[in-house]
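Trainee: I would like to see how this sequence folds:
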Amino acid sequence: MPSFVETIDSETPVLTDGGIETRIMFETRIEMDPDIQVAALPGSPQGRAALREIHSGYIEAARSNSLPLILGTPTFRASPAFIERSGRPTEALGSLNRDATDLMKEIRTESGYEPVFIAGVIGPSGDAYLPEQALSREEAAKYHRGQAEALVDAGADFLFAPTFPSVDEAEGACLAMASTGLPHVISYILGPDGDVLDGTPLADAIDRIDANPEARPLYHSLSCIHPVAAARAIVKFKLAAGDAAGRLVEFKANGSPLRTDELIQLNHPETDAPDTFAEEMIDLFDPQGLRVLGGCCGTRETHMAALGRLLAGRH
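Mentor: So this is what the prediction gives:
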């Protein structure tokens, strides 16, 4: 099986998983831990079963279209601040990240399908929609290093840091991830103006982090925004980025134009129809740029299957 880096370098279309937290919230009766959320689920039979069912559906979406797949560990909040708020001991950092990664590896093995790459997921230290809560570069490098090391020790194929609202913290997270020696990816959340939420233009954010050889990721990503909003942002980005536009390789999209903090206030899932979602996403596909496509909040296996069918046609 080719490595993750080899797959990316080959310019092969890659499918990712879709929503996790919103599916647990709206499709099950499981009450998530208010602090670490889905990171607690691998520790219970009910939680493991729910995650197994959700991720198995994403594997089938990739299998039915013969596409490589990325599965993210449910560790978005398995970092020190959230663990402390949950009342768990410091040592839980290792066990939570190990248990989550082990579960993803089990699901992959049981599926018999390849290639499936396990992304060790690292979320921001605060609210993804509040850049004022973000850490400085130096603080972030220290804060995120322990979780990065735990995910590497557990056997993740690469490290993935999604929905970062601040370039300072994003660069610090990249420093932490790069220090492990494993390939890493940083993913930003954008505002309506197409800039990172801290006000940094996306092209400037990518240039800044790429210019630091100790932080430079394998590629850059967008996550947790709707395809229509992303399309506008990408036009703006390409005009500013020039030859560097190819550094933006991945997009994990929300199924609804509502912000995630608005979505979770609802008592029902809110999302575009799978075919509509897929058509909006495939319009963004670029074999020299955005070729790793998938879902975030509000999406499920039906959205990934519809997107996979269109991606397979670009193989």
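Trainee: is it true that Ala140 touches Val167?
Mentor: No - contact criterion CB atoms under 8 Å: Ala140 and Val167 do not qualify, at 10.5 Å. To be clear about C-beta, it is placed using only N, CA and C from the backbone, and glycine gets the same treatment.
Trainee: pull the contacting residues for Ile54.
Mentor: Residues touching Ile54, when contacts are defined by CB atoms under 8 Å, 6 or more residues apart in numbering, comprise 20, 23-24, 300-301.
Trainee: and it, that one's in a strand?
Mentor: No - residue assignment for Ile54, taken from DSSP: H, G, I helix; E, B strand; the rest coil, gives helix, which places it outside any strand.
Trainee: on that earlier part again, who wins on neighbours among the contacts of Ile54?
Mentor: Neighbours here mean other CB atoms under 10 Å. Within the contacts of Ile54, the largest count is held by Ile20, at 27 neighbours.
Trainee: contacts only, for that one.
Mentor: Contacts were defined as CB under 8 Å, 6+ apart; by that measure Ile20 touches 38, 51, 54, 72, 74.
Trainee: assign Ser223 to helix, strand or coil.
Mentor: Classification of Ser223 using three-state DSSP returns strand.
Trainee: so it touches Ile189, yeah?
Mentor: Yes - between Ser223 and Ile189 there is a contact under CB under 8 Å: 6.5 Å.
Trainee: of the two, who's got more company?
Mentor: Relative neighbour count places Ser223 above the other of Ser223 and Ile189, with 25 against 22, counting by other CB under 10 Å.
Trainee: what's the pLDDT at the more buried one?
Mentor: On pLDDT, Ser223 comes in at 96.
Trainee: circling back: any chance of the contacts of Ile20 in CSV, with secondary structure too?
Mentor: Compiled in CSV, the contacts of Ile20 are given as follows (three-state DSSP):
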residue, secondary structure
Val38, helix
Leu51, helix
Ile54, helix
Gly72, strand
Pro74, coil
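Trainee: for Leu248, state which of these is nearest.
Mentor: For the contacts of Ile20, the minimum distance to Leu248 (CB to CB) is 18.6 Å, reached by Gly72.
Trainee: give me the common contacts of Ser223 and Ile189.
Mentor: Among the neighbours of Ser223, those also in contact with Ile189 (CB under 8 Å, 6+ apart) are Thr163.
Trainee: before we move on, back to that, from the contacts of Ile20, which is closest to Asp272?
Mentor: Taking CB to CB as the measure, Asp272 sits nearest to Ile54 out of the contacts of Ile20, at 19.0 Å.
Trainee: can you name the residues that contact Phe277?
Mentor: With contact taken as CB under 8 Å, 6+ apart, Phe277 is in contact with 227, 253, 255, 271, 295, 299, 303, 306-307.
Trainee: swap in Ala128?
Mentor: Taking CB under 8 Å, 6+ apart as the contact definition, Ala128 lies against 163-165, 189, 224, 260.
Trainee: tell me the two of the residues you listed that are most distant?
Mentor: Phe164 and Thr260 (14.0 Å).
Trainee: looking at the two, which is more packed in?
Mentor: Set side by side, Phe164 and Thr260 show unequal neighbour counts under other CB under 10 Å, the larger going to Phe164 at 31 against 21.
Trainee: my guess is the more buried one contacts Cys174. True?
Mentor: No - here Phe164 lies out of contact with Cys174, judged by CB under 8 Å, at a distance of 9.5 Å.
Trainee: overlap in contacts of those two?
Mentor: Counting by CB under 8 Å, 6+ apart, the residues touching both Phe164 and Cys174 are Ile186.
Trainee: pull out the buried positions in stretch 11-31.
Mentor: Using 16 or more other CB atoms under 10 Å as the test for burial, stretch 11-31 gives 12-26, 28, 30.
Trainee: out of those residues, which sit inside strands?
Mentor: Here DSSP state E is the test, and the buried residues of stretch 11-31 give 14-16 as lying in strands.
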